[in-house]
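Engineer: after the sequence you'll find the predicted model.
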Amino acid sequence: QVQLVESGGGSVQAGGSLRLSCAASGSIFSIDAMGWYRQAPGKQRELVARVWSDGSTYIEDSARGRFSISRDSAGNTVDLQMNSLKPEDTAVYYCFAFGTIWSLDNRKYDYWGPGTQVTVSS
């Protein structure tokens with residue numbers, strides 16, 4: 001089995017920075033994509049950033065220029081560096097690992113982390 005362990009959430013004032021980390025544990029062969037969604041109270045969960053196994057990345061429009069995403073060489077850890085944070089970035093951030101192969105049958109599975117709270121005060 002695979003588990004995602006998140007760290008780095010917390011509270012910060014507007015303009016500050018936070019760095020979220022997510023590590024996938026288990027005997028993993030490969031992961032197609034890792035990244036972060038977020039969900040603010042009363043809103044739908046939205047994709048914030050994603051990095052594929054080939055290194056290509058996607059950053060959601062409102063976060064572009066402020067957030068960056070990176071993945072380690074083994075491909076099992078993903079970091080989200082968040083700068084110039086705004087109150088509207090306040091949400092629970094969920095790490096994901098899509099297309100995970102951990103068994104010899106080569107089936108792909110999707111996993112979610114439990115979520116970490118990010119609160120930005122004005």
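Structural biologist: Noted; the coordinates are in hand.
Engineer: tell me where this structure has strands.
Structural biologist: 3-7, 10-13, 18-25, 30-39, 46-52, 57-59, 67-71, 77-82, 91-101, 109-112, 116-121 (DSSP state E).
Engineer: run a quick neighbour tally on Glu60.
Structural biologist: By other Cβ atoms under 10 Å, the residues close to Glu60 number 15. The way it works is simple: take the backbone N, C-alpha and C, and place the C-beta from them, glycine included.
Engineer: pretty sure it is touching Arg45, no?
Structural biologist: No - in this structure, Glu60 is not within contact of Arg45 by Cβ atoms under 8 Å, at 11.9 Å.
Engineer: so how far is stretch 80-97 off the chain centroid?
Structural biologist: 8 Å (Cα atoms, centre = their mean, to the nearest Å).
Engineer: sorry, wrong one. I was asking about stretch 113-122.
Structural biologist: 12 Å.
Engineer: show me what counts as buried in that stretch.
Structural biologist: Gly113, Gly115, Thr116, Val118, Thr119, Val120 (16 or more other Cβ atoms under 10 Å).
Engineer: distance to Ala14 added to those residues, as CSV?
Structural biologist: Formatted as CSV, those follow (distance: Cβ to Cβ, whole Å):
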residue, distance to Ala14
Gly113, 25
Gly115, 22
Thr116, 19
Val118, 12
Thr119, 11
Val120, 6
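Engineer: of the residues you listed, closest to Met82?
Structural biologist: Val118 (7.4 Å; Cβ to Cβ).
Engineer: would you confirm that that closest one contacts Glu6?
Structural biologist: No - with contacts counted by Cβ under 8 Å, Val118 stays clear of Glu6, the gap being 10.8 Å.
Engineer: spell out which residues are contacts of both of the two.
Structural biologist: Counting by Cβ atoms under 8 Å, 6 or more residues apart in numbering, the contacts common to Val118 and Glu6 are Leu20, Tyr93.
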